[in-house]
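Asker: Quick one, what's the 3D model for this:
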Amino acid sequence: MGEGRTGIAQLALHTGAKIVPVGCNNSEQIYPGRSPIARSGRIIYRIGEPLSIDNQLKEFRITGKFNLLSKESQIKYREQFEGVTRLVMQSINQLLDERYRRAFSNS
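Answerer: Next up, the predicted model:
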């Protein structure tokens, strides 16, 4: 699993849209390396419970308006953006087979 970026967090906090975590397992076996040609096999997707600003993301809510994806917002609301991103990545991590999971710290 790759490292999360804060863009999805900024969109969710700006619009109030829910985030639906999706875990993808075995895709590297079907599309090895950078090959656009699929091998025979099976990819398993697991869809998680939606994360919303009214529930799981509540503690990261931003009450004032902010400019989406701006440097100023990224500095001012860094903790909120990174908190949401961490929660999303942890949710995705739980949907993955053991061999794809990452260890997460609570910081």
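Asker: Look up which helix or strand residue 46 falls in, please.
Answerer: strand 44-47 (DSSP states H and E).
Asker: And the contacts of the next helix or strand after that strand?
Answerer: Per DSSP H and E, the first helix or strand lying C-terminal to strand 44-47 is helix 71-76. Contact with helix 71-76 is made by 6, 10, 66-67, 81, as judged by Cβ atoms under 8 Å, 6 or more residues apart in numbering. From N, CA and C alone the C-beta is placed, and that goes for glycine too.
Asker: so who does the residue lying farthest from the centre of the chain touch?
Answerer: Here the centre of the chain is the reference, and by Cα atoms, centre = their mean the most remote residue is residue 40, at 28.1 Å. For residue 40, the contact set (Cβ under 8 Å, 6+ apart) comprises residue 30.
Asker: At the geometric centre of the protein, which residue do we find?
Answerer: residue 88 (3.9 Å).
Asker: can you count the residues close to the residue nearest to that one when sequence neighbours are not counted?
Answerer: Nearest non-adjacent residue to residue 88, counting by Cβ to Cβ, 6 or more residues apart in numbering: residue 19, 5.6 Å away. Other residues within reach of residue 19, judged by other Cβ atoms under 10 Å, total 22.
Asker: Excluding chain neighbours, what is closest to residue 42?
Answerer: residue 26 (6.4 Å).
Asker: Mind naming the longest helix for this protein?
Answerer: Scanning the chain for the helix with the most residues, using DSSP state H, yields helix 78-94.
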